[in-house]
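[1] I would like to see how this sequence folds:
(chains A, B and C)
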Amino acid sequence: MNTLRTVLRDARLVAARDLRIEARSRVVIDQILPFAVLVLVLFGFALDADHRTLRTFAPGLFWVTVLLSALLAIQRSASLDSADGTGTALRMSGLSPVARYLGRAAAVLVQLLVLEVVLVGGLVVLYGVSVEEWFLLVVAGVVAGVAVAAAGTLYGALASGLGARQTLLPILVLPVLAPVLIGATRAFDDALGVAAVDGWAWTGLLAVAALVLTVVGASVHGVLVED
Amino acid sequence: MAEEPMSPAPLPEGTARDTTGSRGSRLLGVLTLVGLVVLGVLAFVLTDPDVRIHPSTGAEFGQFDAVRMLYVHVPLAVMTYLAYGLCAVASLGVLIRRTPWWDVMAHAAAEVGTVFCGLVLVTGSIWGRPVWNTWWEWGDVRLMTTLVLFLMFAGYLALRRTTGDPRTVSRRAAVVALVAVLDLPLVNRSVEWWENRTLHQQSTLGDLKIEDLTLFTLMLGFLVLGMAMAWLLLHRFRVGWLEQAALDHSVAAAIAERRGETPDNELRRAVGDPSPGDPS
Amino acid sequence: MTHVGYLIAGWGITLGTLAIYALRLVRRGRDLSAQVPDAHRRWLEDQGSDDA
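    Residues are numbered from 1 along each chain as shown, chains lettered A, B, ... in the order given. Here you go, the predicted structure:
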């Protein structure tokens, strides 16, 4: 139990550090958020849309936007360590790899949740969507966010330090997140009243995915950063 | 072929110095080719097309001759899973045992598996066009799962090709392979649920009357494509091994040049092997 | 026979791809064998590579 508490405390330290860096540099706020809204707008243009079409596709477009923006957030998060030797400093600091992973993933999750909130607003304003089941929306959004953050942190670490990180990350992480995309979209279909599906069942699947990805990510992170 | 002793010995009978072939692999290759011919004959000449009579209208329906595609398509799929499964096991080996053997095997299995997986998708699509009337069926669980599998290992191969410390790359690639395999059930389940909410009516493999000659041909397909995969895996493994050796050799040569030695002594020294004329 | 075009395409692509891949492997094997002196090759091969 003592170890668990230490791990959680250390994770909180790492998360706080990452978020503090974000608060100071404002990369997510200034760059990634606008990008996300931009993608929503681009979809609007591309689909030559009337509100009915956009409302039908809103869940899918939402989650594709989240995934694309998440790529940027993950790249950003992974790059925080490679600047000026902080990576080595972290490794020598005695923090366990599990704590570093959880902390990093938590920071990414916070950023993703902010993103999702803004994007839901975008859906309501730009696509004329109305939310039928807020609770389902929030739960599904959070759980899917955890899954994306977990997988993203894992693959972000995996792709870092190699020449082609920028272009490698998407092709590594997106196929693995296919079930999350499918599940989250169906859950939102239900929550936004777009289709008659069982959103809660899908959220259950998302929870399994989130759990598996987090456990795997935490276990494997040590191997990835040990060089 | 028997294991060779540790010291450089004359090459055993039948091992060509200039290729990755050996007596065994040539035999395998010939058998595979013969098997392919037999399979072709069975698939195209001796077996019947899938023709069924509708109970009420009396009209003919079914896959007709398109069913002959399945004699390659299904074996290709099974071999894909075997290859990727091997890659996953080898990746475990890389992480646990850390010898080059596992690493080369993992890479070889992934590459061969991806070739086969691509062929599964292509033959599946070509089969689907006459049977389902579409090149791509978003609602088919197997097709979707295979697609995601293909993409995941395409990523693996891309990772393998990046420049970077080879040990690092090999470890990370092993992680990618393992996570991919762990993710697969999730992918399968999510696509299954997704597919079942639609009212798709498709002819699946289950509808097919698989018996007698059809079954035999299918089994033969497994055998022949299995041999083909073994042959490819063997050669791909040896190529990977040689790549490793070439790299080691060129590094040793560079070091030796600086020291004024021959590369062989350099390598032996590094490994701690005593060699003739070398005091250490 | 019905669907002949599809069958030719499907089988043809399969056999063709496998053949091309096989040839490329053999060629790469030859090139690499030329680069690696036998001593190294044998030594490393003794580490357990499989001869079918």
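
[2] going forward, measure contacts and count neighbours with C-alpha atoms only.
    Fine.

[3] Stretch B:45-55: which residues count as buried?
    B:47, B:49, B:50 (16 or more other Cα atoms under 10 Å in any protein chain shown).

[4] Listing request: residues of the chain with sub-threshold pLDDT.
    All of this refers to chain A. A:1, A:82-92, A:164-165, A:226-227 (pLDDT under 70).

[5] my bad, chain C
    Looking at chain C by pLDDT under 70, you get C:38-52.

[6] All the helices of it, in order from the start?
    C:4-35, C:38-45 (DSSP state H).

[7] Just send those helices back as JSON lines, with distance to residue B:219 too.
    JSON lines is the format used below for the helices of chain C (distance: least, Cα to Cα, whole Å):
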{"stretch": "helix C:4-35", "distance to residue B:219": "17"}
{"stretch": "helix C:38-45", "distance to residue B:219": "34"}
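
[8] so which of those helices gets nearest chain A?
    Proximity to chain A (Cα to the nearest Cα) singles out helix C:4-35 among the helices of chain C, at 23.9 Å.

[9] elements contacting that closest one?
    Applying 3 or more Cα pairs under 8 Å, 6 or more residues apart in numbering or on different chains; DSSP states H and E, we find helix C:4-35 packed against helix B:100-132, helix B:212-259.

[10] Averaged pLDDT, the first one. What do you get?
    Same thing as helix B:100-132. Averaging pLDDT along helix B:100-132 gives 94.

[11] do the same with the longest one
    Mean pLDDT, computed over helix B:212-259, is 89.

[12] Counting by contacts, list what that helix packs against.
    helix B:23-41, helix B:70-96, helix B:100-132, helix B:263-271, helix C:4-35, helix C:38-45.

[13] can the buried residues of stretch B:45-55 go into TSV with extra columns for pLDDT?
    As requested, the buried residues of stretch B:45-55 are exported to TSV (pLDDT from 0 to 100):
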residue	pLDDT
B:47	80
B:49	82
B:50	78
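
[14] for these, which one is nearest chain A?
    residue B:50 (34.9 Å).

[15] Would you mind measuring from that closest one to residue B:65?
    Applying Cα to Cα, to the nearest Å, the value for residue B:50 to residue B:65 is 6 Å.

[16] Return the nearest residue of chain C with respect to chain B.
    For chain C, Cα to the nearest Cα, closest residue to chain B: residue C:30, 4.5 Å.

[17] Tell me how many other residues crowd the closest residue to that residue other than its chain neighbours.
    Nearest residue to residue C:30 in three dimensions, chain neighbours excluded: residue B:19, at 4.5 Å (Cα to Cα, 6 or more residues apart in numbering or on different chains). Neighbour count of residue B:19, defined by other Cα atoms under 10 Å in any protein chain shown: 20.

[18] returning to what we had before: need the overlap of contacts for residue B:50 and residue B:65.
    With Cα atoms under 8 Å, 6 or more residues apart in numbering or on different chains applied, the contact sets of residue B:50 and residue B:65 do not overlap.

[19] Quick check, the residue in chain A closest to chain C?
    For chain A, Cα to the nearest Cα, closest residue to chain C: residue A:171, 23.9 Å.

[20] Which of the three states applies to residue A:54?
    helix (DSSP: H, G, I helix; E, B strand; the rest coil).

[21] OK, contacts around the closest residue to it other than its chain neighbours?
    The shortest distance from residue A:54 to any non-neighbouring residue, by Cα to Cα, 6+ apart, is to residue A:127 (5.6 Å). Listed by Cα under 8 Å, 6+ apart, the contact set of residue A:127 reads A:51, A:54, A:55, A:58.
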